[in-house]
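Student: Just a sequence and a predicted model for now, questions to come.
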Amino acid sequence: MQTALDTANEGILIESAERVVYANAAYAELLAYRRAEELTSRAVTDIIADADVDRLLRFGRLRQTGKHAPAAYALPARRPVPRVVR
């Protein structure tokens with residue numbers, strides 16, 4: 001299963017308790033991160049576009065309480081701040 005997630009062409013992010021616990025390389029590339037590990041342990045609110053934070057946190061809370069929430073959805077996200085390399 002891990003290999004399937006890691007090598008998927010589609011970006012995959014898994015969160016728990018509003019923290020990123022897994023992101024694959026395709027997801028990291030979509031957001032212009034150098035490595036997927038840069039996303040791990042970040043708060044999901046750090047990468048979700050401000051306009052969608054409430055909607056996506058609501059989905060997570062619904063799932064945590066056993067209620068229906070979409071299993072897959074578009075995630076408007078923020079890219080990291082450009083870094084200056086010296």
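Tutor: In hand now; what should we look at? Here the structure is a predicted model, which is why all the values come from computation and not from measurement.
Student: From residue 66, how far off is the closest residue to residue 45 other than its chain neighbours?
Tutor: Nearest residue to residue 45 in three dimensions, chain neighbours excluded: residue 53, at 5.5 Å (CB to CB, 6 or more residues apart in numbering). For every residue, glycine as well, the C-beta is placed using N, CA and C. Distance from residue 53 to residue 66, counting by CB to CB, to the nearest Å: 23 Å.
Student: So between these two, which is more surrounded?
Tutor: Legend: neighbour count by other CB atoms under 10 Å for residue 53 and residue 66, higher for residue 53 (13 against 7).
Student: Convert the C-alpha atoms of the strand or helix carrying that one to CSV, please.
Tutor: For residue 53, the host element (DSSP states H and E) is helix 53-64. In CSV, the C-alpha atoms belonging to helix 53-64 read as follows (Å, rounded to 0.1, in the frame of the first residue of the first chain):
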residue,chain,number,x,y,z
VAL,A,53,-10.1,26.6,5.9
ASP,A,54,-13.5,26.4,7.6
ARG,A,55,-15.0,24.1,5.0
LEU,A,56,-12.2,21.6,5.1
LEU,A,57,-11.9,21.6,8.9
ARG,A,58,-15.6,20.9,9.0
PHE,A,59,-15.1,17.9,6.8
GLY,A,60,-12.4,16.6,9.1
ARG,A,61,-14.6,17.1,12.2
LEU,A,62,-17.5,15.3,10.6
ARG,A,63,-15.3,12.3,9.8
GLN,A,64,-13.9,12.2,13.4
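Student: can you give me the strands in the protein?
Tutor: 13-16, 19-23 (DSSP state E).
Student: Just list whatever residues bridge to the residue positioned nearest the centre of the chain.
Tutor: Compute the mean C-alpha point of the chain, and by CA atoms, centre = their mean the closest residue is residue 13, 4.2 Å away. For residue 13, the beta-bridge partners are residue 23 (DSSP bridges).
Student: ok, residue 58 - contacts?
Tutor: residue 69 (CB atoms under 8 Å, 6 or more residues apart in numbering).
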